[in-house]
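In: can you look at this prediction? I've put the sequence above it.
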Amino acid sequence: MHGWPRECPWLAYCGYLPSRKIWQLRKIIDTHSCSRQLNIKLMNAKWLSQEIDRSLVENPNLKVNDIRTKALRKWNTNVSISKARRAKLIATRQVEGDFKEQYKRVYDYGHELLRCNPKSTVQIKVDSHIGDAIFQRMYVCLKACKDSFISCRPIICLDRCFLKGVYKGELLTAVGRDPNDQMLPLAYAVVEVENKDNWTWFLQLLIEDLEGSDGLVLAIQELLPRAKQRYCVRHLYANFRKRFGGQVLKNLMWTAATSTYPQAWEREMLKIKEVNIEAYKYLIGIPLRFWSRSRFTGQAMCDTLDNNITEAFNSVLIHARGKPIITMMEDIRVYGMKRWATNKTKVASMDFTIFEVRHTSSVGNKFTLDLDTKECSCRKWLISGIPCCHAIATMNYSNVDPDNFTPTCFRRPTYEEVYASIIFPLNGPQLCETTHFNDVLPPMMRKLPGRPKKKRRLEA
């Protein structure tokens, strides 16, 4: 090796020793007349990827600029943005797997999932009309999730989120509520696109697994005509404010949505009518049973007006959604496995039988109450299942313990039943049994017009 340019006298002469398989430094002239070069051609993307793979395991959110900073600090050399990006892509494939190769092993993964978690449901659908098996959709519902839902209230939140990998697609999720009003992942599916056909397929499998449940509009009305449906009022307001903005209408709409009895809802709607009659007509055109507590029944014992519980689950998976399909599925399963184990340990350390709840009420109104039928004219007890402040005041006056009126679904034994099941771990891909199915090809890539958007569109 010699200095650059050639006029530089620096020289290092090495000889290879075959017997010891090492290089030996035999001569060196350690005098430089050239300036330092910060660009090294030998430091290519493949070599750099091998140096950052451990950093990528420790920090999956490693940024391209972090790689460039590390190269400058550790090796005193400049790395271009494109080279750092290619190095990260190569290292990511080594750590998380290749997007295309993982589609070939979806049947092997499904088989391993069923072997380790018997009585779970795994459905994979491919399109074979042109000869090759092209991936369409995949559904997973673990046995522990099925068992847990039996002890939960009959309410399920449905949502979808976009996948951010090479082949895109969407992730459909179904999330329940445990006795502590926290999210309980039930089932999930990878599909090409969100439409009625895919939602119908997803709900049919979900109904079979959960033996009937609450359920998106067309698919639910067709499959579950008796289910009590609710819209997410947060998303409903996002559409409402595009036409009718302002803080006044926002407050009035939310007050109308949270009103628990018809008379209060009517008062708020009259106020909206006085402010903007078009906004009044817009809200009246939406069936009340979908967005106002004043028309909710007590079947679900849940007064929620939003779908934040599935939004929270989707946010947990925000990094997994950019990974190859099997790696993403494994991240979801591992998250569920840890959540079940954590909550099972948590409930073992609890020394109480009923979970803490908070309930507020307006001052100045009067309501009728019947403890025998567990009914209050404010309807909060009926909707949420939790005794309202009027009921608790009556119980204290009558020297009755309010704990005796707390539903079973909010008690500690129910919480123990929910998380009594176990989500079992799986072997790695090297130990998975190879199935007889043909290799599955990834779905056709759909390139959207314009530059890919990095940031999430709010209220989408």
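Out: Everything's here; your move.
In: now do the strands in the stretch 101-250 of the chain.
Out: 121-127, 133-141, 156-162, 170-177, 183-191 (DSSP state E, counting those that start in this stretch).
In: tell me what the second one is packed against?
Out: It stands for strand 133-141. Applying 3 or more Cβ pairs under 8 Å, 6 or more residues apart in numbering; DSSP states H and E, one finds that strand 133-141 contacts helix 106-116, strand 121-127, strand 183-191, helix 196-210, helix 325-348, strand 440-441. For the C-beta atoms, the positions are set from N, CA and C on the backbone; glycine is no exception.
In: that one to helix 325-348, inter-axis angle?
Out: If you take axes from the mean of the first three to the mean of the last three Cα atoms, to 10 degrees, strand 133-141 sits at 0 degrees to helix 325-348.
In: neighbouring strands of strand 133-141 in the sheet, and parallel or not?
Out: Paired neighbours of strand 133-141 in the sheet (DSSP bridges): strand 121-127 (antiparallel), strand 183-191 (antiparallel), strand 440-441 (parallel).
In: nearest to His319, out of these?
Out: Nearest of those to His319, taken as Cβ to Cβ: strand 183-191 at 15.6 Å.
In: output the strands paired with strand 133-141 in TSV, with mean neighbour count appended to each entry.
Out: As requested, these are exported to TSV (neighbours: other Cβ atoms under 10 Å):
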stretch	mean neighbour count
strand 121-127	17
strand 183-191	24
strand 440-441	19
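In: re the thing from before, per-stretch mean pLDDT over the strands of the stretch 101-250 of the chain, give me the minimum one.
Out: With a mean of 89, strand 156-162 has the lowest mean pLDDT of those.
In: list the buried ones in that strand?
Out: Applying a neighbour-count criterion of 16 or more other Cβ atoms under 10 Å, one finds Ile156, Cys157, Leu158, Asp159, Arg160, Cys161 buried in strand 156-162.
In: again with stretch 421-437
Out: Of all the residues in stretch 421-437, those buried under the rule 16+ other Cβ under 10 Å are Ser421, Ile423, Phe424, Leu426, Pro429, Cys432, Phe437.
In: so which one among those residues has the lowest pLDDT?
Out: For these, the weakest pLDDT value sits at Pro429, with 80.
In: which ones are touching it?
Out: Gly97, Arg105, Asp108, Tyr109, Ile326 (Cβ atoms under 8 Å, 6 or more residues apart in numbering).
In: number of residues surrounding Asn78?
Out: A count of nearby residues for Asn78, using other Cβ atoms under 10 Å, gives 14.
In: so it: helix, strand or coil?
Out: Secondary structure, DSSP: H, G, I helix; E, B strand; the rest coil: Asn78 is coil.
In: I'd say it and Ala71 touch.
Out: Yes - using Cβ atoms under 8 Å, Asn78 makes contact with Ala71 at a distance of 7.4 Å.
In: returning to what we had before: looking at the contacts of Pro429, which is nearest Arg412?
Out: Nearest to Arg412 among these, with distances taken as Cβ to Cβ, is Tyr109, at 36.4 Å.
In: which non-adjacent residue is nearest that closest one?
Out: Leaving aside its sequence neighbours, Tyr109 sits nearest to Ile326 (Cβ to Cβ, 6 or more residues apart in numbering; 5.0 Å).
In: just to check, the one you found is in contact with Gln102?
Out: Yes - between Ile326 and Gln102 there is a contact under Cβ under 8 Å: 4.4 Å.
In: tabulate the strands of the stretch 101-250 of the chain (a markdown table), appending distance to Trp254.
Out: Putting these into a markdown table (distance: least, Cβ to Cβ, whole Å) gives the following:
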| stretch | distance to Trp254 |
| --- | --- |
| strand 121-127 | 39 |
| strand 133-141 | 35 |
| strand 156-162 | 19 |
| strand 170-177 | 21 |
| strand 183-191 | 23 |
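In: Ala257: which of the ones you listed is closest?
Out: Of all the strands of the stretch 101-250 of the chain, strand 156-162 sits nearest to Ala257, with 16.8 Å by Cβ to Cβ.
In: which two in the buried residues of strand 156-162 are spaced the farthest apart?
Out: Farthest pair in the buried residues of strand 156-162 (Cβ to Cβ) is Ile156 and Cys161. Separation: 16.5 Å.
In: looks like Asp159 contacts Thr173 (just checking).
Out: Yes - contact criterion Cβ under 8 Å: Asp159 and Thr173 qualify, at 5.6 Å.
In: who touches both of these two?
Out: Listed as contacting both Asp159 and Thr173 by Cβ under 8 Å, 6+ apart are Thr310, Phe313, Asn314.
In: which ones among the residues you listed lie within strands?
Out: Using DSSP state E, no member of these falls in strands.
In: where in the stretch 301-450 of the chain is pLDDT low?
Out: Across the stretch 301-450 of the chain, the ranges flagged by pLDDT under 70 are 351-365, 446-448.
In: how much space between Trp265 and Ser384?
Out: Relative to Ser384, Trp265 is positioned 17 Å away (Cβ to Cβ, to the nearest Å).
In: of these two, give the one with the bigger neighbour count.
Out: Between Trp265 and Ser384, Ser384 has the larger neighbour count (other Cβ under 10 Å), namely 23 against 20.
In: wait, doesn't that one sit right on Met301?
Out: Yes - here Ser384 lies in contact with Met301, judged by Cβ under 8 Å, at a distance of 6.3 Å.
In: could you find the closest non-adjacent residue to the spatially most central residue of the chain?
Out: Closest to where the C-alpha atoms of the chain average out (Cα atoms, centre = their mean) is Asn314, at 2.2 Å. Among residues not flanking Asn314 along the chain, Cys161 sits closest, at 4.4 Å (Cβ to Cβ, 6+ apart).
In: now do Tyr13
Out: Nearest in space to Tyr13, with sequence neighbours left out and distances taken as Cβ to Cβ, 6+ apart, is Lys27 at 4.0 Å.
In: now the helix or strand harbouring the one you found, how far from the centre of its chain.
Out: Per DSSP states H and E: Lys27 is located in strand 22-29. Distance, stretch centre to chain centre, for strand 22-29: 57 Å (Cα atoms, centre = their mean, to the nearest Å).
In: buried residues of it, list them for me.
Out: So for strand 22-29, nothing qualifies as buried (16+ other Cβ under 10 Å).
In: and that strand, which strands flank it?
Out: For strand 22-29, pairing defined by DSSP bridges yields strand 11-17 (antiparallel).
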